[in-house]
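[1] Just a sequence and a predicted model for now, questions to come.
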Amino acid sequence: VTPRKPPVSEEMSVQSKRGSVKASTSNNTGTPGGQRNSSIARERPNDKTVGAKTKSEILKNLPPGIDEGAAKQILNDIVVQGDEVHWDDIAGLEVAKNSLRETVVYPFLRPDLFMGLREPARGMLLFGPPGTGKTMLARAVATESKSTFFSISASSLTSKYLGESEKLVRALFGLAKALAPSIIFVDEIDSLLSQRSGSGEHESTRRIKTEFLIQWSELQQAAAGRETTGKGNKRSDAQRVLVLAATNLPWAIDEAARRRFVRRQYIPLPEPQTRETQLRTLLRQQNHSLSDTDIEKLVQETDGFSGSDITSLAKDAAMGPLRSLGEALLYMAKEEIRPIDVSDFELSLKSIRPSVDEKGIREYEEWAEKFGERG
Ligand code: ADP
C-alpha cells in the first residue's frame, strides 16, 4: 500500500505475469504429485498449476455456485505464485511476525492444536504508514504457512472488476476454501469497508461490500462449525482460510467492519536497529565502501523513513557511481566502476525524503493506542 506503487491494473498484471512464469515451470508444494502436475502443465502450455492441482482440474471441480469466468480470472490474476517472501527478507517487525506466526502460521500447520479456546482469528488487519512491509508480511505468511495466496486490491474490486465484482468475491472465497490452506490478502481494505456506506456511496460499491461481508461471515460460521449443510470437510477447509487485510487509512474503516478484525496489528515505521539491518541487507551484494560509522550516520539521517523509502534511497545512491560516467558506462569494465560511497547516499538524501510526516505518524500512533496491537 505505498503511494509509489503502480496503478492497480498494472500491478495486477505484474503479479499475474510473475505467477504464470513460476507456475508453468515449477510447483511450490514440494510434493511428488507436483512433479507429475508440472509435466502435465508442460504438455498443455496454458494449463498452469496452482499448488498441487492444474488450473483445468480446479475449474472442472468448482464448488457449486462459483462462476467459471470469475474463477478463471482469480486463478490468472489474483493467485500469486513465485517470488516467495520469507520472514528473513523482512527487516525488524518482530512483534508483528510473532503475532502472525501465532495467529496464522502455526494454526495452519497444526490445526489439531488450535481448537476450542485456541481457535484462531479469521481476520487480521495490518495497519500503518505506507511502505512499512505490510504486503511483504502477508506474502511471508503465505510462504511460511504453505498456503495458496490470493492477493487483491480492494480498489480494483470497485474499479477494474466493477460489474463482475460480486461474482468475483463469491469465487474468491469459494476457491480459497477449495484450495485451503489459503490467505486472502486484501490491500487498501479501507476502500471497500469505509464509513461512506449509507449516504453518498455508490450502489454497486455497497453491493460488493455486502457480498464481501456475507462471504466472510459464512466463512467464520463454517469455521466455527455452525454451518450444518454441505460436505463433512467443509469446516476444516473454512478453518484454514484467513482474511488478511492491509490499510494506510485505518480510521476510514467503519466501526462494524473494524470489529470483525479481532486482531489489528500496527506496522510502524522502522526503528533505528531495523533501518540498520535493512541498509546492510540492501548493500550486501553491492560493491561499496561504507564503513560502520557511515552506516550509523545514515541510520540517524533516515529517522522517519519507511522501509520503502529506505529501499528507494539505496537504489538511488547505487546509481551514483554510474551517473558520473555518462556514456562511458557502456564501455567500462565492471571492475573499473567505483564502489558506492557515503557521498552517494548524502546526495540522494537531498531528493529522497520520508513519505509520511510527523503529524501523520501521530495519527497512526493514536489509532493504534485506541484500537490496535503495537509492534
Ligand atoms: P506496505 O504494504 O506496508 O505499503 P510493502 O510491503 O509493499 O509495504 O513494502 C514496499 C517495499 O518497501 C518492499 O518491496 C521492500 O522493498 C521495502 N520494505 C518495506 N518494509 C520493509 C522491511 N521491513 N524490510 C525490508 N524491506 C522493506
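    Thanks, I have the structure now.
[2] Close to the ligand: what parts of the stretch 201-350 of the chain are there?
    When proximity is defined by Cβ under 6 Å from any ligand atom, the stretch 201-350 of the chain lies next to the ligand at Ala246, Gln278, Gly307, Ser308, Thr311. Placement of C-beta: from N, CA and C, glycine included.
[3] before we move on, what about the stretch 51-200 of the chain?
    Counting by Cβ under 6 Å from any ligand atom, the residues of the stretch 51-200 of the chain close to the ligand are Ile90, Ala91, Gly92, Leu93, Pro130, Gly131, Thr132, Gly133, Lys134, Thr135, Met136.
[4] and the closest residue to the ligand within the chain, what is it in contact with?
    Minimum separation of the chain from the ligand (Cβ to the nearest ligand atom) falls at Gly307, amounting to 2.2 Å. Going by Cβ atoms under 8 Å, 6 or more residues apart in numbering, Gly307 touches Ala91, Gly131, Thr132, Gly133, Met136, Pro270, Thr274, Gln278.
[5] hang on, the earlier thing: most neighbours among the residues of the stretch 201-350 of the chain next to the ligand, which one is it?
    Counting neighbours by other Cβ atoms under 10 Å, Ala246 leads those with 28 neighbours.
[6] which element is that one on?
    Ala246 belongs to strand 241-247 when assigned by DSSP states H and E.
[7] what mean pLDDT does that strand have?
    The pLDDT scores in strand 241-247 average 93.
[8] Could you list every helix and strand that it packs against?
    Judged by 3 or more Cβ pairs under 8 Å, 6 or more residues apart in numbering; DSSP states H and E, the packing partners of strand 241-247 are strand 123-127, helix 134-144, helix 165-178, strand 182-187, helix 203-223.
[9] try 6 Å
    strand 123-127, strand 182-187 (3 or more Cβ pairs under 6 Å, 6 or more residues apart in numbering; DSSP states H and E).
[10] and these as CSV, adding mean pLDDT and mean neighbour count?
    Formatted as CSV, those follow (pLDDT from 0 to 100; neighbours: other Cβ atoms under 10 Å):
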stretch, mean pLDDT, mean neighbour count
strand 123-127, 93, 26
strand 182-187, 92, 26
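[11] re earlier: I'd like the residues of the stretch 51-200 of the chain next to the ligand as CSV, with pLDDT and neighbour count appended.
    Output for these, formatted as CSV (pLDDT from 0 to 100; neighbours: other Cβ under 10 Å):
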residue, pLDDT, neighbour count
Ile90, 94, 21
Ala91, 93, 21
Gly92, 93, 22
Leu93, 94, 27
Pro130, 95, 21
Gly131, 95, 25
Thr132, 96, 30
Gly133, 95, 27
Lys134, 95, 28
Thr135, 94, 20
Met136, 94, 19
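[12] and which of those is nearest to Ala171?
    Nearest to Ala171, judged by Cβ to Cβ, of those is Thr135 at 22.3 Å.
[13] separation between the closest one and Ala142?
    The spacing between Thr135 and Ala142, counted by Cβ to Cβ, to the nearest Å, is 11 Å.
[14] Find the residues that touch each one of those two.
    Listed as contacting both Thr135 and Ala142 by Cβ atoms under 6 Å, 6 or more residues apart in numbering is no residue at all.
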